[in-house]
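> this one's structure only:
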């Protein structure tokens, strides 16, 4: 059997920046062969970047075929790609709602549906869905985003019921406030107000999210499926 066929191969959607990039870097460090999807830009050094839009099934078909040709069968998929279109419910257009749900939840469905083929054949796989604390207790102005991220929990649990007997796990990681370009742009007063809500008293880092994904992708988490793991400094306790 070739090295490519026996390697651990991970696919991370939206892996060219932010949390997705940190996840890709961590999985490379863990010894995975890693590919990332990106609509534009490049993933980190040491990964294969493939052009794909999670809203476009044909582009995902082509991307996964390229990944499996270059790296081998996918054994781990991290559905990370997502968008926001925040506004109050009364002002939210039908398109604002459907675009976010179709990208964040529908995109995960389209990616996972295609990636599981190799996992089913191998009777081994790891599916990791990047949700948000917003999906657990709701955020004003994010009816679309909160709904899409909550939907990932049901998706993971349905997958667990369907494919758990084939050695495939499906879990959810729910980050809270994470250091990013977006949070860096907030004024000091707003940042202080947000930190006040977090028992840990600080924002998380993309590396801390990546560390949880690393564990879920490894052998130690083989008996965990359908779980939701918050990475939020205690912000969402009880949900």
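Good, I have the coordinates. Every value quoted in this text rests on a predicted model; they were computed, and no experiment measured them.
> Determine the set of other helices and strands touching the biggest strand by length in the chain.
As assigned by DSSP state E, the longest strand anywhere in the chain is strand 168-175. Applying 3 or more Cβ pairs under 8 Å, 6 or more residues apart in numbering; DSSP states H and E, we find strand 168-175 packed against helix 107-122, strand 125-130, helix 143-163, helix 206-217, strand 228-231. Backbone N, C-alpha and C define where each C-beta goes, glycine included.
> Kindly recompute the last result at 7 Å.
Packed against strand 168-175 by the contact rule (3 or more Cβ pairs under 7 Å, 6 or more residues apart in numbering; DSSP states H and E) you find strand 125-130, helix 143-163, helix 206-217, strand 228-231.
> so where's the chain uncertain?
Counting by pLDDT under 70, the chain has low-confidence residues at 1-6, 182.
> at 90 what do you get?
When residues are selected by pLDDT under 90, those of the chain lie in 1-7, 39-41, 137, 139, 180-194, 236-239.
> Kindly check the end-to-end length of stretch 32-49 for me.
Counting by Cα to Cα, to the nearest Å, you get 14 Å between the two ends of stretch 32-49.
> Any buried residues in whichever helix or strand comes after the longest strand of the chain, and which?
Next helix or strand after strand 168-175 toward the C-terminus (DSSP states H and E): helix 181-184. For helix 181-184, a neighbour-count test (16 or more other Cβ atoms under 10 Å) marks nothing as buried.
> List the strands paired with the longest strand of the chain, with their directions.
strand 125-130 (parallel), strand 228-231 (parallel) (DSSP bridges).
> Let's have those strands in JSON lines, adding mean neighbour count.
Converted to JSON lines, those look like this (neighbours: other Cβ atoms under 10 Å):
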{"stretch": "strand 125-130", "mean neighbour count": "26"}
{"stretch": "strand 228-231", "mean neighbour count": "20"}
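> any chance of the ones you listed in JSON lines, with distance to residue 221 too?
As requested, the strands paired with strand 168-175 are exported to JSON lines (distance: least, Cβ to Cβ, whole Å):
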{"stretch": "strand 125-130", "distance to residue 221": "8"}
{"stretch": "strand 228-231", "distance to residue 221": "10"}
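> And these: which comes nearest residue 174?
strand 228-231 (4.7 Å; Cβ to Cβ).
> Name the residues that touch that closest one?
Residues outside strand 228-231 that contact it (Cβ atoms under 7 Å, 6 or more residues apart in numbering): 133, 153, 171-176, 204, 208-209, 212, 236.
> ok, which pair from these is furthest apart?
Going by Cβ to Cβ, the pair spanning the contacts of strand 228-231 furthest: 153 and 208, at 20.5 Å.
> returning to what we had before: next, the angle helix 206-217 makes with the longest strand of the chain.
160 degrees (axes from the mean of the first three to the mean of the last three Cα atoms, to 10 degrees).
> Am I right that residue 235 sits in a helix?
No: counting by DSSP: H, G, I helix; E, B strand; the rest coil, residue 235 falls outside a helix, being coil.
> neighbours of it, just the number please.
Counted with other Cβ atoms under 10 Å, the neighbours of residue 235 add up to 21.
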